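Undergrad: coordinates for the following, if possible.
(chains A and B)
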Amino acid sequence: QQQVKQSPQSLIVQKGGISIINCAYENTAFDYFPWYQQFPGKGPALLIAIRPDVSEKKEGRFTISFNKSAKQFSLHIMDSQPGDSATYFCAAHTGNQFYFGTGTSLTVIP
Amino acid sequence: KAGVTQTPRYLIKTRGQQVTLSCSPISGHRSVSWYQQTPGQGLQFLFEYFSETQRNKGNFPGRFSGRQFSNSRSEMNVSTLELGDSALYLCASSPGHLELFFGEGSRLTVL
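TA: Got it, this is the predicted structure:
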């Protein structure tokens, strides 16, 4: 049973466009929601994270939008660049454990 | 500061064999967790150790085991390998502030 559901599985965006990846959860005990970025041959690296008492967090071109009532959160990449091409994982934390989504493969076309 | 180091990076085993993977966390990090990454399944949590004690265990069969040493280095072992165990095994260390620092993984192929 996947505790964090992520969509889409893959995404192709033109350079300069907006990339949007969505995640949904059911467990209200989750207290921290990070996004990880993974390049081929590398381990995932923390990109940005949010706590459930905040509706939005922005770091540079990356923004997390969080909807607590809908139990959904999303990653927005503004002005997408070819260097953003990677796999993105959302995750949720509770009780010393992280639950990851299944990943979204993003390709940004020049 | 050196990152998380995992060895070996690649290995090929046959069904029925066992394998041991090693993880050296970032200096000062006492928490080490292990994940299995497969296409379409994302990262599945295996277990987490803190100060040599297993704090959490994921939903994997008993063939998957791990341990942590006093220097925080960790090993995971998979016995009686099955074809479905082929995956990238990721180790992550944490200083305890909710951020995971991942290694590059050990890619296991079971033939």
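Undergrad: local confidence estimate at the one residue in chain A that gets nearest to chain B?
TA: Going by CB to the nearest CB, chain B is nearest to A:G43 of chain A, at 3.1 Å. Every residue, glycine included, has its C-beta placed from N, CA and C. Per-residue confidence (pLDDT) for A:G43: 95.
Undergrad: would you agree it is in contact with B:G103?
TA: Yes: A:G43 lies in contact with B:G103 (CB atoms under 8 Å); the separation is 5.2 Å.
Undergrad: ok so, going back, assign a three-state SS to the residue of chain A closest to chain B, would you?
TA: coil (DSSP: H, G, I helix; E, B strand; the rest coil).
Undergrad: same thing with B:G84?
TA: Taking three-state DSSP as the rule, one finds B:G84 in the helix state.
Undergrad: can you read off the pLDDT for it?
TA: According to the prediction, B:G84 has pLDDT 95.
Undergrad: quick check: residues of chain A near chain B?
TA: Contact residues, chain A versus chain B (CB under 8 Å from any CB of the partner chain): A:2, A:6, A:9, A:32, A:34, A:36, A:41-46, A:49, A:89, A:91, A:93, A:95-103.
Undergrad: one step back: which residues does the residue of chain A closest to chain B contact?
TA: Shown in contact with A:G43 (CB atoms under 8 Å, 6 or more residues apart in numbering or on different chains): B:4, B:90, B:92, B:102-105.
Undergrad: grab the nearest non-local neighbour of it.
TA: B:F102 (3.1 Å; CB to CB, 6 or more residues apart in numbering or on different chains).
Undergrad: surely the one you found meets B:S94?
TA: No: contact status for B:F102 versus B:S94: not in contact, 10.1 Å apart, counting by CB under 8 Å.
Undergrad: which outside residues touch the helix-or-strand element of chain A with minimal mean pLDDT?
TA: Here the helix or strand of chain A ranked lowest by mean pLDDT, DSSP states H and E is strand A:97-100, holding a mean of 92. Strand A:97-100 is contacted from outside by A:3-4, A:25, A:27, A:30, A:34, A:36, A:89-93, B:33, B:35, B:42-45, B:48, B:56, B:58, B:100, using CB under 8 Å, 6+ apart.
Undergrad: so which residues of chain A form strands?
TA: Assigned by DSSP state E, the strands in chain A fall at A:4-7, A:10-14, A:19-25, A:33-38, A:45-50, A:56-59, A:62-67, A:72-77, A:86-94, A:97-100, A:104-109.
Undergrad: least confident of those strands, on average?
TA: Comparing mean pLDDT across the strands of chain A, the weakest is strand A:97-100, with a mean of 92.
Undergrad: for chain A, what is the nearest residue in chain B?
TA: Counting by CB to the nearest CB, chain B gets nearest chain A through B:F102, at 3.1 Å.
Undergrad: hey, what's that residue bridged with?
TA: Bridge pairing for B:F102 (DSSP bridges) gives the partners B:A92.
Undergrad: residue contacts, it?
TA: Taking CB under 8 Å, 6+ apart, we find B:F102 in contact with A:36, A:43-45, B:4, B:90-92.
Undergrad: dump these into a markdown table; add distance to B:T109 as well.
TA: Shown next, in a markdown table, are those (distance: CB to CB, whole Å):
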| residue | distance to B:T109 |
| --- | --- |
| A:Y36 | 24 |
| A:G43 | 18 |
| A:P44 | 21 |
| A:A45 | 25 |
| B:V4 | 22 |
| B:L90 | 16 |
| B:C91 | 18 |
| B:A92 | 22 |
